[in-house]
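K.L.:
Here is a sequence together with a model predicted from it:
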Amino acid sequence: MIILELAAILSCTFFAGAAIYINIVEHPARLECGTELAASVFGPSYRRAARLQATLAIMATFFGAILAVTSNNPLWYFGAALIFSVVPFTFIVIMPTNLKLLAPTRDRSAEETEALLNKWGALHAVRSLVSCIAAVIYVYIGLMG
């Protein structure tokens, strides 16, 4: 059971840490370099982060769900639902912005591109916040359990 808890906590906190890093460090640094450069590096950065974060979100959900069923602790259900919620949020809410930013015909220096990059940062902050709440729940259960 301790191995499952550790796997759930680590995958969830790693996701939250990566999400926060993107919001506090990487994305603002991109924006400081100007809209055209920020839009140019968004694609490669997004593809790499998406693979990492999708894997971590699914792992955190999977281990949290197993712990919810085996431990009978409803907080595991809540934490697993929260960390899982970043997946549909990404596909439903963030993906339209991603697709616009990644469009090969996008004018990377346009004001609309700058607005899309700023919108993306705000939307990604939701993922950061939700994953942090899930991580706090997971850590709390681990410490109290």
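P.N.:
Arrived safely.

K.L.:
Now do the longest helix seen in the chain: distance to the chain's middle.
P.N.:
What stands out as the longest helix in the chain, according to DSSP state H, is helix 35-71. Centroid displacement of helix 35-71 relative to its chain, using Cα atoms, centre = their mean, to the nearest Å, is 5 Å.

K.L.:
go on, stretch 109-122?
P.N.:
Averaged C-alpha coordinates place stretch 109-122 at 19 Å from its chain's average position (Cα atoms, centre = their mean).

K.L.:
ditto for stretch 92-103
P.N.:
The answer for stretch 92-103 is 15 Å, by Cα atoms, centre = their mean.

K.L.:
With stretch 71-81 instead?
P.N.:
Centroid separation for stretch 71-81 versus its chain: 20 Å, with Cα atoms, centre = their mean.

K.L.:
With stretch 25-38 instead?
P.N.:
19 Å.

K.L.:
okay, how far is it across that stretch, tip to tip?
P.N.:
Terminal residues of stretch 25-38 are spaced 13 Å apart (Cα to Cα, to the nearest Å).

K.L.:
Please enumerate residues in contact with that stretch?
P.N.:
For stretch 25-38, the external contacting residues (Cβ atoms under 8 Å, 6 or more residues apart in numbering) are 41-42, 45, 108-111, 113-114, 117-118, 120-121, 124. Just so you know, the C-beta spots here come from the backbone N, C-alpha and C atoms, and that holds for glycine as well.
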